[in-house]
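Student: Below are the sequence and a predicted model; questions follow.
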Amino acid sequence: MSTKADIEVTYDVSNEFFRLWLDSRMIYSCAVFEDTDDLEEAQTKKLAWFHEKARVEPGKRVLDIGCGWGGLMEFLALEKGVRDVSGITLSTAQYEAIREKAVPGISVDLISYLDYQPAKRFDAVISIGMFEHIATPEQVRGGENIRVYRDYFRRAWEWTNPGAWFGLQSVIGALLPRKREDIADLSWGTSTIFPGAITPRLEAIIASANPYWEVMEVRTRREHYAKTAAAWHRRLQQNEALIRERWGDQTYDDYDRYLSGCVRIFEKNFQSLAQLALRRVD
């Protein structure tokens with residue numbers, strides 16, 4: 001699992017910094033560009049996909065594992081009428097931002113999933129962009145990733161009621177790059193922007209979901225993530241002067257390299273994006 005220090009490198013640069021180039025909900029994950037080229041609409045379509053696939057209804061208790069700045073939770077509570085939405089995050093900045101908004105029906109804990117013990121079980125679980133933080137690069141290289149991933153799915157099973165559904169999104173590994181510059185882009189982005197994280201293979205997710213969750217549906221959205229990263233990069237560039245002034249040249253240069261690299265990585269199919277609908281095995 002990525003450490004709290006790793007998470008803070010990734011997500012605690014500054015809430016104001018991320019607000020400049022993410023969408024209005026501050027969703028830091030792949031959008032769904034179906035019948036739209038607008039980032040705001042595409043992120044809403046992504047949230048709606050998870051609302052549907054996790055079988056979320058107003059009276060159900062929902063858990064968001066790795067809840068970010070609370071965009072999904074706000075969508076469920078304010079637009080879908082869900083009255084009991086919980087989230088967990090290891091980012092202090094994200095936790096404080098959610099607490100500050102104090103949206104009715106939403107609660108959040110600053111805690112690792114490894115230490116989380118909910119008082120009551122949930123009827124649905126959603127996790128968007130957190131799975132990449134579960135196993136460390138060292139654990140993957142040591143062949144421990146399936147064990148670590150399966151333990152995660154076991155915990156989610158124990159937190160839920162019979163009949164629960166689980167909506168999961170993760171960046172996944174695809175083709176192996178052969179050119180030195182492509183390998184350098186992947187390595188640099190992981191070590192600099194996402195230390196402690198690593199993208200799983202789709203087959204590793206599917207294998208480790210058993211015996212706790214049945215994979216009912218898989219969607220891959222590689223091209224959608226290329227579009228998402230391109231939209232973020234344009235917004236970053238539009239705010240270059242302000243970012244350099246407030247957060248320094250290094251921050252701007254790092255994220256300029258990271259986001260432009262993301263576009264290339266997804267366009268070249270070195271990484272892809274998977275969305276899964278899982279049903280609890282009872």
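Tutor: Arrived safely.
Student: number of nearby residues for residue 103?
Tutor: 15 (other Cβ atoms under 10 Å). In this view, the C-beta of every residue, glycine as well, is placed from N, C-alpha and C.
Student: My impression was that it belongs to a strand - is that right?
Tutor: No. Assessed with DSSP: H, G, I helix; E, B strand; the rest coil, residue 103 is coil; it does not lie in a strand.
Student: same for the longest helix along the chain, what does it pack against?
Tutor: When the chain is parsed with DSSP state H, its longest helix is helix 249-267. With contacts defined as 3 or more Cβ pairs under 8 Å, 6 or more residues apart in numbering; DSSP states H and E, helix 249-267 has these neighbours: helix 180-192, helix 222-238, helix 240-247, strand 271-280.
Student: Which stretch among these is buried most, on average?
Tutor: Scoring the helices and strands packed on helix 249-267 by mean neighbour count under mean count of other Cβ atoms under 10 Å gives strand 271-280 as the most buried, with a mean of 22.
Student: now the closest residue to residue 240 other than its chain neighbours: how far from residue 245?
Tutor: In this structure, residue 240 finds its nearest non-sequential neighbour in residue 252, 6.0 Å apart by Cβ to Cβ, 6 or more residues apart in numbering. Distance, residue 252 to residue 245, by Cβ to Cβ, to the nearest Å: 10 Å.
Student: How about residue 176?
Tutor: Remark: distance between residue 176 and residue 245 (Cβ to Cβ) = 40 Å.
Student: residue contacts, residue 109?
Tutor: 86, 87, 88, 89, 95, 116 (Cβ atoms under 8 Å, 6 or more residues apart in numbering).
Student: Could you do residue 132 as well?
Tutor: Here residue 132 is in contact with 170, 171, 194, 197, 198, 199, 200 (criterion: Cβ under 8 Å, 6+ apart).
Student: Which members of those occur in strands, if any?
Tutor: 170, 171 (DSSP state E).
Student: Which one among the contacts of residue 132 sits at the bottom for pLDDT?
Tutor: Ranked by pLDDT, the contacts of residue 132 bottom out at residue 194, which has 73.
Student: For residue 131, grab the count of nearby residues.
Tutor: 24.
Student: how far away is it from residue 166?
Tutor: Distance from residue 131 to residue 166, by Cβ to Cβ: 11 Å.
Student: and the gap between the most centrally placed residue in the chain and residue 122?
Tutor: Closest residue to the average C-alpha location of the chain: residue 129 at 1.5 Å, with Cα atoms, centre = their mean. Residue 129 sits at a distance of 19 Å from residue 122 (criterion: Cβ to Cβ).
Student: do residue 194 as well
Tutor: 27 Å.
Student: Same question for residue 41.
Tutor: 29 Å.
Student: what does residue 233 give?
Tutor: 36 Å.
Student: Likewise for residue 275?
Tutor: For residue 275, the distance to residue 122 (Cβ to Cβ) stands at 19 Å.
Student: Now do the strands in the stretch 51-200 of the chain.
Tutor: 61-65, 84-89, 106-110, 122-128, 160-173 (DSSP state E, counting those that start in this stretch).
Student: the inter-axis angle of the longest one versus strand 61-65?
Tutor: Taking axes from the mean of the first three to the mean of the last three Cα atoms, to 10 degrees, strand 160-173 and strand 61-65 form an angle of 30 degrees between their directions.
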